[in-house]
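> quick one, structure for this:
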Amino acid sequence: MLFCFFTCLSVLQFFGRASVLQFFDSFSPLLLLRAFASARKKRSEVLRSRVDFAKATTRDRREAEGASLLRIGFASHSDKRKNQSEEAQKKNRKAKVAKIRVNKQLQELFSLGHASVP
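The predicted structure follows:
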């Protein structure tokens, strides 16, 4: 360690103190720029990861909400169709029953001879 110190001291005396300090000063802005660039890169990576996480969570939330809305929509639509088809079937049954009653009444009337065939 003392050897390093004396070597630096002799270099300073040989080249002159001002030129050696200028040499080290010329590298210090580059080192600062590198440090700032790496810090900026790390910060941008952190921000990018936060933004990606936020986008992913909002996308997942929207997909979940959309899926539940779709399920509700499909369920209500299918329930409506089911109810409509059940109502139509009831109407058809009532119409068939009424038609059968009318036919039976007509057959009874014809069998008794009270009505004439037109």
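
> low-confidence ranges, this structure, go.
1-2, 6, 8-9, 11-32, 66-79, 113-118 (pLDDT under 70).

> Arg93: what's it in contact with?
Arg93 makes contact with no residue under the criterion Cβ atoms under 8 Å, 6 or more residues apart in numbering. All C-beta spots, glycine's among them, are computed from the backbone N, C-alpha and C.

> in which helix or strand would I find it?
helix 17-112 (DSSP states H and E).

> and what of Ser10?
helix 2-15.

> ok, so what distance separates Val46 from Ala35?
17 Å (Cβ to Cβ, to the nearest Å).

> then Cys4?
Distance from Cys4 to Ala35, by Cβ to Cβ: 25 Å.

> residues near Glu65, how many?
Neighbour count of Glu65, defined by other Cβ atoms under 10 Å: 10.

> ok, it to Phe53 distance?
Taking Cβ to Cβ as the measure, Glu65 falls 19 Å from Phe53.

> then Ala64?
16 Å.
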